[in-house]
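S.K.: 3D model of this:
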Amino acid sequence: MAEHVKSDPRFSADEVVKKSMASTLPGFEGLRATDALTTMIRTKLSTNLKWHEVELLASLRDIVTQVSTRIFLGPELCRDEEWLDNIQAYTNSVFHAVRVIRSWPEWSRPYVQWFLKDCRKIRQQVKRAEEMIEPIIAKRIETTERAKKGLADMPINAMTWIHQIAMSRNEKYHGAHAQLSLSMASVYTTSDLTSNIILQLCRHPEVIEPLFKEIREVRDQDGKMSKTSLYQMKLADSVMKETQRLKPLGVRQVLTHRYAHEDVTLPDGTLIPRGAQVGVNMSRMWDPKYYPNPEEWQPDRFLKLREEAGKEHSSQFVTTTMESLGFGIRTHACPGRFFAGNKVKILLAHILEHYEFERVDSGPDASPWYIEIVTNPKAKLRMRRKQASAI
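M.R.: Numbering: from 1, shown residues only. As a prediction, the model looks like this:
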């Protein structure tokens, strides 16, 4: 069935988000549609040459939040502690609110959401985000219009791009809600994946040196990282894809939920009625037919697959296939996966080049929560900055 659903325009993800995650309700707007990196790593992972403990997931969320804000919004808010704290709080709160409101029948949600404390909290967080960002958006739009007349430099960030696209289509948009959505998706996904990569490296420290060697080799003569350098980080790409295969974001059995806007009859005669929600079985990601020893983390699994004829592209981190559904599939695949892939590689390079680390606690890397697999938020590392590091 997945082969037919993946590109059929009669199925959509938007309606699933509306129905299962209550995105039409007030407060859930974020579910709709690199100097900063160095500074944030210094702050959250410390420049201390002595061993010290950090909570891995929380620290990475701090770093990713600031880096994402710099890219999406520009410099104004990327060091504003209130904005960064509000974005992180909203990211945590909105998914908790989704779990709470899912326990209520769909017809009752527009009414009960006014009385649920979790829903009240995210409405307050959205309001504060609007208050902080709307003056900046107005100023950025003014600069964009002046740039069109040659009176200023055109800003280069997601805020400007969203405005330009909306204007070209003569569409209305809510800038604050768009930024909440971008930031929330980026923080949640990137920090989750990077956390699990680091936890795997703690279990397999022998992989750190080959990764470090690759990072040094792909830098240019000036020691800088380019887009070409990121593409050449093939072992890192394999580590990322293998980690995502074992622990995809959130759900482990069914992903790529879609809503049928009309009756759909599949080639085998199966009728999917209008209004039904369907999901794709992800079990191929752990099927020994496709992945020998599927429960084993093999960091070079996809690196070796890239060497096989016909699998050079399908084995890359950003490529989606029926055997690799971490980002969805075909027309419904996550459009931000290229950005996410580059960001994880840059973050991983900074950490490996400048820090030594090891696991402190003995807890699980992740635990099941209903149909989700949730990364351990209490996983701790001992870290110290390398002596030769010059961050």
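S.K.: residues near Ser367, how many?
M.R.: 11 (other CB atoms under 10 Å). Heads up, the C-betas are built off the backbone N, CA and C, glycines and all.
S.K.: I'd say it and Ala379 touch.
M.R.: No: assessed by CB atoms under 8 Å, Ser367 is found out of contact with Ala379, at 10.9 Å.
S.K.: any low-confidence regions in the stretch 51-200 of the chain?
M.R.: Flagging of the stretch 51-200 of the chain using pLDDT under 70 yields an empty set of residue ranges.
S.K.: mind listing the strands for it?
M.R.: Using DSSP state E, counting those that start in this stretch, the strands of the stretch 51-200 of the chain run over residues 52-55.
S.K.: what's the answer for the stretch 201-350 of the chain, then?
M.R.: Using DSSP E, counting those that start in this stretch, strands in the stretch 201-350 of the chain cover 250-251, 254-260, 264-265, 271-272, 277-281.
S.K.: Lowest average confidence across these, which one?
M.R.: By mean pLDDT, the lowest-scoring of those turns out to be strand 250-251, with a mean of 59.
S.K.: Would you mind giving the strands of the stretch 201-350 of the chain as TSV with mean neighbour count and distance to Thr47 added?
M.R.: Below are the strands of the stretch 201-350 of the chain laid out as TSV (neighbours: other CB atoms under 10 Å; distance: least, CB to CB, whole Å):
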stretch	mean neighbour count	distance to Thr47
strand 250-251	16	34
strand 254-260	20	40
strand 264-265	14	57
strand 271-272	15	56
strand 277-281	17	45
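S.K.: Select, out of those, the one closest to Pro75.
M.R.: Across the strands of the stretch 201-350 of the chain, Pro75 has its closest neighbour in strand 250-251 (31.9 Å, CB to CB).
S.K.: ok, how many other residues are close to the residue lying closest to Leu60 once chain neighbours are set aside?
M.R.: Of all residues beyond its chain neighbours, the one nearest Leu60 is Ser191 (4.2 Å), with distances taken as CB to CB, 6 or more residues apart in numbering. Ser191: 26 surrounding residues under other CB under 10 Å.
S.K.: what's Ser191 in contact with, if anything?
M.R.: Leu57, Leu60, Arg61, Ile63, Val64 (CB atoms under 8 Å, 6 or more residues apart in numbering).
S.K.: Any figure for the gap between it and Val239?
M.R.: From Ser191 across to Val239, the span is 16 Å (CB to CB, to the nearest Å).
S.K.: Give me the neighbour count for the nearest residue to Leu347 once chain neighbours are set aside.
M.R.: Spatial nearest neighbour of Leu347, excluding adjacent residues (CB to CB, 6+ apart): Thr194 at 5.7 Å. Neighbour count for Thr194, taken as other CB under 10 Å: 25.
S.K.: go on, the one 4 residues further on?
M.R.: Residues within reach of Ile198, counting by other CB under 10 Å, total 24.
S.K.: Excluding residues flanking it in the chain, which one is nearest it?
M.R.: That would be Leu56: by CB to CB, 6+ apart, it lies 6.1 Å from Ile198.
S.K.: What distance do you get for the one you found to Lys380?
M.R.: 7 Å.
S.K.: more crowded one of these two?
M.R.: Neighbour count, other CB under 10 Å: between Leu56 and Lys380, Leu56 has more, with 28 against 17.
S.K.: hang on, isn't the more buried one packed against Arg382?
M.R.: No: taking contacts as CB under 8 Å, Leu56 lies outside contact range of Arg382: 10.8 Å.
S.K.: From the centroid of the protein, which residue is nearest?
M.R.: Thr189 (2.4 Å; CA atoms, centre = their mean).
S.K.: Kindly confirm whether my reading is correct that it touches Ala340.
M.R.: Yes: using CB under 8 Å as the test, Thr189 is close enough to Ala340 to be in contact (5.9 Å).
S.K.: quick one: the helices in this structure?
M.R.: Assigned by DSSP state H, the helices in the chain fall at 2-5, 14-21, 35-45, 56-73, 81-101, 109-112, 117-148, 158-168, 175-203, 208-218, 227-232, 234-246, 301-306, 337-354.
S.K.: mind checking which of those is nearest Val278?
M.R.: helix 2-5 (6.0 Å).
S.K.: Quick check: mean pLDDT of that closest one?
M.R.: So the average pLDDT for helix 2-5 ends up being 54.
S.K.: Go through the strands of the stretch 201-350 of the chain and name the closest to Asn86.
M.R.: So among the strands of the stretch 201-350 of the chain, strand 250-251 is nearest, using CB to CB, at 22.9 Å.
S.K.: give me every residue that touches the closest residue to Glu55 other than its chain neighbours.
M.R.: Spatially, and ignoring its direct neighbours in sequence, Glu55 is nearest to Lys380 (5.8 Å; CB to CB, 6+ apart). Lys380 makes contact with Glu53, Val54, Glu55, Leu56, Arg359, Val360, Asp361, according to CB under 8 Å, 6+ apart.
S.K.: and which of those residues is nearest to Cys334?
M.R.: Of these, the one sitting nearest to Cys334 (CB to CB) turns out to be Leu56, at 23.5 Å.
S.K.: Does Ala129 touch Leu84 like I think?
M.R.: No: Ala129 is beyond contact range of Leu84, at 11.3 Å (criterion: CB under 8 Å).
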